[in-house]
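Peer 1: Mind folding the following:
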Amino acid sequence: GAFRLTFPGFYYILVWYATRMVNSMKYAILVGDGMADYPVEELGGKTPLQVARTPHMDWLARHGELGLVKTIPEGFTPGSEIANLSILGYDPVRYYKGRGPLEAASLGLDLEPDDLAFRCNLVTLQGRGQDAVMEDFSAGHITDAEARELIDELNRELSTAEIRFHCGVSYRHVLVWAKAVQTFPAMETLELKPPHDIIGKRVSPYLEKTFHEKAAMDRLVSLMIDSQTLLERHPVNVARGKRGLSPANSIWLWGQGRFPQMITLKERFGIEGAMISAVHLLKGIGILAGLRALEVPGATGYFDTNYEGKATYALSSLEEGDFVFVHVEAPDEAGHMGDARLKVEAIETFDQKIVGPILEGMASKGRFRLLLLPDHCTPISVRTHTADPVPYVLYSSDDHSGSTKWEGFSETEGQRSGIYLEKGDELIERLFGSPNVVG
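Peer 2: This is a model prediction of the structure:
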C-alpha cells in the first residue's frame, strides 16, 4: 500500500534534521592579502598589523591557535597564486603551472593541452625602448570600462588565429596563445618578471634571454612593442592624460602556463563552498578547486571594494554550503604603494567590515571553524611580495579553553607562539581535518 508517515516517524525525522543542523560544522578562510610586513620606522618600529586597531582579529588570536606558516615553498616567486594555492591545500610544487591559466579559469576559458595562458597587465611605462621604466604596474588602476575599450582595440589590431586577448578587471587581463608549446617550446619555461616586482626599474634587463629562448622572447617583446604603438594614441589614454592620470600605454605578459589538473575540495574533504574575491586569480583557483565563484556587486579588488557586500554574501553562502573563502586585496595594494598609513587603514577596515561581521554571523548559526591569515608579506619597505612566513590563527567554536596570553594578531605574536608550519598546503588539514583521499 501507500507509504504513510506516522507521528513518531515524523518526530524522529524532525529530531534528526534539527540535530544535523545543530551539529553540522561551517568553515571559513579569511585572507587579508599582503597584510604581513616588516617593522616600519614611520610606525614607531612596529608593523602595520601591530599598529592597526583590530579587535576581532586580536580576539581570535587570544582564543584560537596562533602560529606562523610558510605559504611560499622554497624556489617559488612569492606571488598570490603560490600562496593561495598553498592556503587551499594544493602543493605548488605539484599543482602550479602558471598564473595565467588560473585567471583563464576564472573567465571560463577552455585551454587545449598545448595552449598557454598569460597574465596580461595594462601598465604605464615611462620612456621607450631600452630606457623604458616600469612606472605603474596597474596603469593608475584603470577602470573596467576604459580597460575594455583598450582590450577590444588590441583584439581588433593584434589578435591572430593563435593570439587572443580576454578582458578581466581593471588592469588584470589574460592572453591565450593557441598551440604556443608546439610553435615556441621555450615559451612555457620563460622566466617573465611580474610588473609589480620591477616598479621604478628599467624593463629591458627583464626581457633578455639565452640563445635557445630568444625566438620565443622576441615574439613576446614584439607583441608588447606593437601594443605600445597602438595604445599610446588611443582616445582612452589621450583622455586620461588630459585628466592627469597614468596612461595604459603598454601590455606586460607574464605568469604563463597550461591548465593544472586539480582534485576538488569535495573529492578530498567532502566540502562544498564558495569563493568571494574581486581578483580573477582567486576566482580561478576557487573554480579549479570546485568552489562557486560568487559575484559581489561593487567588489573592485581595491580600497573602495564592497566590504559589507562580501561579508553578507559570505554568510548567505553558508546557508547552502559548508565553506566560504573570502579574499580582500586592499592591504596588498597599500603595500605595493609603499603607504604605511594606508595599509594600517586597510587592515582596520578588513577587521571591522569583514572579520567582525563574519565572526558574529557564524557564531549565531552554530558550530564553526575559522582560519584567518595574510597570503604573503607585502612589506612597505620593498613594495613587493616576500616569501617570509605569515601569522595565522585557527579558531574553533568547539574549543572552550578560554583566553590565551597572546596580545593580538601580528607577526611577532605568531612567532612567539612557537608554532611553525613549514608546508603551507598542510594548514587546511588543521581546518577541515584529515582528507578523504590523498590529494
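
Peer 1: contacts, neighbours, all on C-alpha from now
Peer 2: OK.

Peer 1: who's in contact with stretch 66-81?
Peer 2: Stretch 66-81 is contacted by residues 82-84, 86-87, 92-93, 99, 281-282, 375-376, 385-394, 409, 411, 413-415, 417-425, 427 when judged by C-alpha atoms under 8 Å, 6 or more residues apart in numbering.

Peer 1: One more pass at 7 Å, please.
Peer 2: Outside of stretch 66-81, the residues within contact range by C-alpha atoms under 7 Å, 6 or more residues apart in numbering are 82-83, 86-87, 99, 281, 375-376, 385-394, 414-415, 417-424.

Peer 1: Can you give me the first-to-last residue distance of it?
Peer 2: Its start and end residues considered, stretch 66-81 measures 24 Å (C-alpha to C-alpha, to the nearest Å).

Peer 1: try stretch 59-68
Peer 2: Using C-alpha to C-alpha, the end-to-end distance of stretch 59-68 comes out at 17 Å.

Peer 1: Helices of the stretch 301-439 of the chain, start to end?
Peer 2: 307-317, 330-337, 340-350, 356-365, 411-416, 427-432 (DSSP state H, counting those that start in this stretch).

Peer 1: ok, now the stretch 1-150 of the chain?
Peer 2: 7-23, 48-51, 55-63, 80-87, 92-95, 99-106, 144-158.

Peer 1: got a list of contacts for the fifth one?
Peer 2: Think helix 92-95. With C-alpha under 7 Å, 6+ apart, helix 92-95 has contacts from Ile82, Leu85, Ser86, Pro260, Met262.

Peer 1: The last one and Gly286 touch, don't they?
Peer 2: No. Counting by C-alpha atoms under 7 Å, no contact exists between Met262 and Gly286, whose distance comes to 10.6 Å.

Peer 1: Neighbour count: these two, which is higher?
Peer 2: Gly286 (28 against 15; other C-alpha atoms under 10 Å).

Peer 1: Can you say which helix or strand has that one in it?
Peer 2: For Gly286, the host element (DSSP states H and E) is helix 280-288.

Peer 1: What mean pLDDT does that helix get?
Peer 2: Averaging pLDDT along helix 280-288 yields 93.

Peer 1: Can you name the residues in contact with the next helix or strand after that helix?
Peer 2: Sequence-wise, the next helix or strand downstream of helix 280-288 (DSSP H and E) is strand 292-294. Strand 292-294 is contacted by residues Gly273, Ala274, Met275, Ile276, Lys283, Gly286, Ile287 when judged by C-alpha under 7 Å, 6+ apart.

Peer 1: what's the residue nearest to the fifth one when sequence neighbours are not counted in contact with, if anything?
Peer 2: Of all residues beyond its chain neighbours, the one nearest Lys283 is Ser106 (5.2 Å), with distances taken as C-alpha to C-alpha, 6 or more residues apart in numbering. With contacts defined as C-alpha under 7 Å, 6+ apart, the neighbours of Ser106 are His280, Leu281, Lys283, Gly284, Ile287.

Peer 1: again, only using 6 Å
Peer 2: Ser106 sits next to His280, Lys283, Gly284 when contact means C-alpha atoms under 6 Å, 6 or more residues apart in numbering.

Peer 1: Out of the residues you listed, give me the one that has the most neighbours.
Peer 2: Lys283 (27 neighbours).

Peer 1: Spell out for me which residue occupies the centre of this structure.
Peer 2: Centrality entry for the chain: nearest residue to the mean C-alpha point is Leu282, 4.3 Å, by C-alpha atoms, centre = their mean.

Peer 1: quick one, phi/psi of Lys263?
Peer 2: Actually, residue 263 is Ile rather than Lys. phi -70, psi 140 (degrees, to the nearest 10).

Peer 1: separation between Phe184 and Thr77?
Peer 2: In this view, Phe184 and Thr77 are 23 Å apart by C-alpha to C-alpha.

Peer 1: try Leu190
Peer 2: Counting by C-alpha to C-alpha, the gap from Leu190 to Thr77 is 14 Å.

Peer 1: Surely Lys26 and Asp322 touch.
Peer 2: Yes. Counting by C-alpha atoms under 6 Å, Lys26 does reach Asp322; the two are 5.1 Å apart.

Peer 1: Who has more neighbours out of the two?
Peer 2: Between Lys26 and Asp322, counting by other C-alpha under 10 Å, Lys26 is the more crowded of the two (22 against 18).

Peer 1: What is the burial count for Asp226?
Peer 2: For Asp226, the count of nearby residues is 16 (other C-alpha under 10 Å).

Peer 1: Can you tell me how far it is from Asp110?
Peer 2: 26 Å.

Peer 1: Gly64 too?
Peer 2: Counting by C-alpha to C-alpha, the gap from Gly64 to Asp110 is 41 Å.

Peer 1: So if I had to pick from these two, which one is more boxed in?
Peer 2: Gly64 (25 against 13).

Peer 1: The more buried one and His400: what is the separation?
Peer 2: Gly64 is 10 Å from His400, by C-alpha to C-alpha.

Peer 1: cool, Tyr38 as well?
Peer 2: Between Tyr38 and His400 the distance is 33 Å, computed by C-alpha to C-alpha.

Peer 1: could you point out the longest strand in the protein?
Peer 2: As assigned by DSSP state E, the longest strand anywhere in the chain is strand 116-126.

Peer 1: Return that strand as CSV; C-alpha atoms alone will do.
Peer 2: Taking C-alpha atoms only, strand 116-126 is exported to CSV below (Å, rounded to 0.1, in the frame of the first residue of the first chain):
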residue,chain,number,x,y,z
LEU,A,116,49.4,28.8,-23.0
ALA,A,117,47.5,31.4,-20.9
PHE,A,118,49.4,34.6,-19.9
ARG,A,119,48.5,37.2,-17.4
CYS,A,120,48.3,40.4,-19.4
ASN,A,121,48.7,43.6,-17.4
LEU,A,122,47.9,47.1,-18.7
VAL,A,123,50.8,49.1,-17.4
THR,A,124,52.4,52.5,-17.6
LEU,A,125,55.9,52.7,-19.0
GLN,A,126,58.0,55.9,-18.7
